[in-house]
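Student: this one's sequence-less:
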């Protein structure tokens, strides 16, 4: 029983590492929730990437460099 619980815990820990959270955006201290920032910036950026990146930065999110 204990061995299966440890295996399950390891699986959960690895699952968290497998996906890229927030599509490559990194939160700074005090950032608003990612989904809220993304939704707000999508509405006001007029599909212009630099506007979206600037908007997200204003809400505490930084895009990872490629």
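Tutor: Right, received. Where do you want to start? Just so it is clear, the structure is predicted and the values come from calculations on it, not from any experiment. Residues are numbered from 1 along each chain as shown.
Student: after the helix or strand bottoming out on mean pLDDT in the chain comes which helix or strand?
Tutor: Here the helix or strand of the chain ranked lowest by mean pLDDT, DSSP states H and E is helix 2-18, holding a mean of 48. Proceeding N to C from helix 2-18, the next assigned helix or strand is strand 25-27, under DSSP states H and E.
Student: Show me what that following strand is packed up against.
Tutor: When contacts are defined as 3 or more Cβ pairs under 8 Å, 6 or more residues apart in numbering; DSSP states H and E, strand 25-27 sits against strand 61-63. Yep, even glycine has a C-beta here, placed from its N, CA and C like the rest.
Student: What average pLDDT does the helix or strand hosting residue 43 get?
Tutor: Element membership for residue 43 (DSSP H and E) is helix 34-44. Here helix 34-44 scores 97 as its mean pLDDT.
Student: next helix or strand past that helix?
Tutor: Counting by DSSP H and E, the next helix or strand C-terminal to helix 34-44 is helix 49-58.
Student: what's the angle between that following helix and helix 34-44?
Tutor: Here the directions of helix 49-58 and helix 34-44 differ by 140 degrees (axes from the mean of the first three to the mean of the last three Cα atoms, to 10 degrees).
Student: So which bits of helix 49-58 are buried?
Tutor: Burial within helix 49-58, assessed by neighbour count using 16 or more other Cβ atoms under 10 Å, is assigned to 52, 53, 55, 56, 57.
Student: Show the contacting residues for the closest residue to the second one other than its chain neighbours.
Tutor: With Cβ to Cβ, 6 or more residues apart in numbering as the measure, residue 63 is the residue that lies nearest to residue 53, at 5.6 Å, once sequence neighbours are left out. Contacts here follow Cβ atoms under 8 Å, 6 or more residues apart in numbering; on that basis residue 63 touches 24, 25, 26, 53, 56.
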